[in-house]
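Undergrad: Sequence first, predicted coordinates after that:
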Number of protein chains: 2
Amino acid sequence: MKKVTINSVASYAGVSKKTVSRVLNNEPNVSDATREKVLKVFKELDYTPNPIARGLAQNRSFIIGCIYDNPSKSYITRVQTGALAACKENNYNLLIHPCDLRGDALINNIEQLLQSSRLDGLVLTPPFSDFQVLVDFLKSKNIPYARVASAVLDDDSISVRSNDEQGAFEITEHLIKLGHKAIAFIKGHPDHSATEQRFKGYLRALSTHDITFNERLVEEGNFSYHSGVDSARSILDSTPRPTAVFASNDYMAAAVLKLATQRQLKVPDDISIAGFDNAPIARHIWPGLTTIAQPVEEMTKQAVTKLIEHIGEPQENAYQITLEARLITRESTAHVK
Amino acid sequence: MKKVTINSVASYAGVSKKTVSRVLNNEPNVSDATREKVLKVFKELDYTPNPIARGLAQNRSFIIGCIYDNPSKSYITRVQTGALAACKENNYNLLIHPCDLRGDALINNIEQLLQSSRLDGLVLTPPFSDFQVLVDFLKSKNIPYARVASAVLDDDSISVRSNDEQGAFEITEHLIKLGHKAIAFIKGHPDHSATEQRFKGYLRALSTHDITFNERLVEEGNFSYHSGVDSARSILDSTPRPTAVFASNDYMAAAVLKLATQRQLKVPDDISIAGFDNAPIARHIWPGLTTIAQPVEEMTKQAVTKLIEHIGEPQENAYQITLEARLITRESTAHVK
DNA sequence: TTCAAGCCTGACACCGGTGTCATAATGTTG
DNA sequence: CAACATTATGACACCGGTGTCAGGCTTGAA
């Protein structure tokens, strides 16, 4: 079977390859008759344009890169799902590139990536979404990018987020309304902007309900399950023991739950536990975790869609949007005894 | 800053672009002096070849596609990690392409993917690894591919697996040695070859230890957490209740654990539970799951490495290898009371 | 000294598309 | 109907590399 190129189509249809190219790209200035004719030949010869050749001519690759450095595998999976959906709709492909936020090599690494693959754009996921050094680098190189779940919105780029602060406020308020006053808090990874946002929401809920903030109830975590274990130990050992724990993500909350159960504590009777993210684990364990569901897939999908749009024809205007997070109550939280 | 192309290098070094190309590809028949000179200019000008142009000339994309249709996100993540490692070492990129095993559109979908991206090769992960229709299609199209965790080895292609049958045998034997005789088994997804392999290992362990196989102890699952819940219900409801459950993967095992805990059963005192895969959840829950650890990353890495090697210079010989799986005992299994 | 064989090297076409520009055909206006 | 604007089309260079092949320059053996 002979390869079908634009040349075969052109000669078969009796037009020039440029005209074929015009039809291919829906350019104006092609007569209806010609267009029809060429389209028919497309079908007959079962022609598909070669994206590599196209890429060479236009200096584009039709590939979006997704870079991440995230301890949460399930978060990454959700990000990928959303990005893939957007790519699929636009005939783009997704290249995944995990890398290390720390280390001087980062910028070199990214530069290398860009050169070796000629990516058309980059999706930045946490913690890169708010990593200014990288953002500045991309700006200077004029590489289109979009940010997912970034904290700041005062920027001239594409950014889709959900309201972490508000979510944290709501879940803390939920605990307060159940009568809890001593609510421990486990922070996330300091490099992630969500960490601060969620903490802010926690603080706002406390102050809204006139509960004095107690610094000793706050633990430093880093979003990993492992860090949750350490924080949990410290919380469960303290006296008086808090009646509730709000961990900045579900993995750390799961760690608290595991340790509590190990110590024969009844959840939620002896202690209420709340998480954040609605990761799969939140419903895979018993009791299920009360948590905040974020539309991660949707955020990423919108970000990538806008990014591709922007690559096609650069927009002047920024696109900044915040999606809703929502409280999901499960069995891990109950009225204080 | 001007773009550095092969032409700039050539004129700067005072040689033809073909010679530059020779140096680039480590071709013979370049004098040492010339080679040195060109290499020096590479550094000076900070030149990196354009993979798209290269791809066009050689009809290659330097991209490997990874296709999957797998309910287990963590499995996919591990596959990706392994594939990425191999790609990185060989300056390839990884394109991820989830798709639906069922549905007539599959072959079309893959064909579309191949045409639209000119992938150099495909990694098939379960359940595609043993999906003969697809394999035949790739063969007929002469697309290089490698299979991960395929059950069959009597093939002339690249295939890296671990021994599911043996792993299942070992974990079942572990339960038997703890005194269990009534060991329920939850099967995986019928499309996955691992499902049959694990079942076989279970059967072999029973017969090795002279335990009569009881069909009523076998439940049909599909590797998803949800299916595990259904199977768990049926197992926990049966009388006499089995003293142990071996689920074909950790998600289903976690479901059994959740349901058992919900029903006030003590694990492992009242019932032992074993899983398979050593997914993160196995150590995130309490009690931790006894399970079989498979070197998923390593399998995929080897498969992709061989695949890329094969793309570079097609090998006559097949590459078929089986890696070791290993038993990990945690708290979810104990001696029968 | 002569000639064949082997090593370097570059000219040039080519991969399969797109951009630019010239030109022919058609339409519009006064 | 002349003069001009607009639409439709193709010739050709170009994107940045690689493959083919011919020719110059060394070697070494006859």
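TA: Done, it's in.

Undergrad: switch to C-alpha atoms for all contacts and neighbour counts from now on
TA: OK.

Undergrad: Quickly check: the worst-scoring helix or strand of chain A on mean pLDDT near DNA strand D or not.
TA: Every helix and strand of chain A was ranked by mean pLDDT, DSSP states H and E. The lowest is helix A:105-117, at a mean of 80. No - judged by C-alpha under 7 Å from any atom of the strand, helix A:105-117 stays clear of DNA strand D, getting no closer than 10.0 Å.

Undergrad: Which positions within that helix qualify as buried?
TA: Across helix A:105-117, burial judged by 16 or more other C-alpha atoms under 10 Å in any protein chain shown covers A:110, A:113, A:114, A:116, A:117.

Undergrad: Quick check, the last one in contact with residue B:53.
TA: No - contact between residue A:117 and residue B:53 fails when scored by C-alpha atoms under 8 Å: they sit 11.0 Å apart.

Undergrad: give me the number of residues near the residue of the stretch 1-150 of chain A found nearest DNA strand D?
TA: Residue nearest to DNA strand D within the stretch 1-150 of chain A: residue A:29 (2.8 Å; C-alpha to the nearest atom of the strand). The number of residues packed near residue A:29 is 10, by other C-alpha atoms under 10 Å in any protein chain shown.

Undergrad: Check the separation of the first and last residues in stretch A:122-134.
TA: Counting by C-alpha to C-alpha, to the nearest Å, you get 11 Å between the two ends of stretch A:122-134.

Undergrad: now check it, is it near chain B?
TA: No - residues of stretch A:122-134 are not located near chain B by C-alpha under 8 Å from any C-alpha of the partner chain, the shortest gap being 14.4 Å.

Undergrad: Buried residues of that stretch, list them for me.
TA: So for stretch A:122-134, counting by 16+ other C-alpha under 10 Å, buried means A:122, A:123, A:124, A:125, A:126, A:127, A:128, A:129, A:130, A:131, A:134.

Undergrad: need the residues of the stretch 151-300 of chain A near chain B, please.
TA: When proximity is defined by C-alpha under 8 Å from any C-alpha, the stretch 151-300 of chain A lies next to chain B at A:225, A:254, A:255, A:258, A:259, A:261, A:262, A:281, A:284, A:285, A:286, A:287.

Undergrad: Among those residues, which ones are in helices?
TA: Judged by DSSP state H, helices contain the following of these: A:225, A:254, A:255, A:258, A:259, A:261, A:262, A:281, A:284.

Undergrad: per-residue confidence for residue A:1?
TA: Listed pLDDT for residue A:1 reads 55.

Undergrad: quick one, which residue of chain A lies the farthest from its center?
TA: In chain A, the residue that sits farthest from the middle, by C-alpha atoms, centre = their mean, is residue A:14; the gap is 48.9 Å.

Undergrad: how close does that one sit to residue B:166?
TA: Residue A:14 is 64 Å from residue B:166, where distance means C-alpha to C-alpha.

Undergrad: Same question for residue A:133.
TA: Residue A:133 sits 50 Å away from residue B:166, taking C-alpha to C-alpha as the criterion.

Undergrad: which residues in chain A form strands?
TA: Taking DSSP state E to define them, one finds strands in chain A at A:63-68, A:93-98, A:121-124, A:145-148, A:158-162, A:183-186, A:218-219, A:244-247, A:272-274, A:291-293, A:319-323, A:326-328.

Undergrad: what's the third one packed up against?
TA: Read it as strand A:121-124. strand A:63-68, strand A:145-148, helix A:296-312 (3 or more C-alpha pairs under 8 Å, 6 or more residues apart in numbering or on different chains; DSSP states H and E).

Undergrad: who touches it?
TA: Strand A:121-124 is contacted by residues A:63-68, A:143-148, A:303-304, A:307-308, A:311 when judged by C-alpha atoms under 8 Å, 6 or more residues apart in numbering or on different chains.

Undergrad: With the shortest one instead?
TA: Outside strand A:218-219, the residues that touch it by C-alpha under 8 Å, 6+ apart are A:184, A:185, A:186, A:187, A:231, A:235.

Undergrad: and chain A, what are its domains?
TA: The record's domain parsing of chain A by automatic domain parsing lists A:6-49, A:61-162+A:296-324, A:164-294.

Undergrad: First-to-last residue distance for the shortest one?
TA: Right, the one you point to is domain A:6-49. From its first residue to its last, domain A:6-49 covers 7 Å (C-alpha to C-alpha).

Undergrad: and that domain, how far from the chain's centre?
TA: Here domain A:6-49 is found 40 Å from its chain centre; the criterion is C-alpha atoms, centre = their mean, to the nearest Å.

Undergrad: I'm done for today, thanks for sticking with me.
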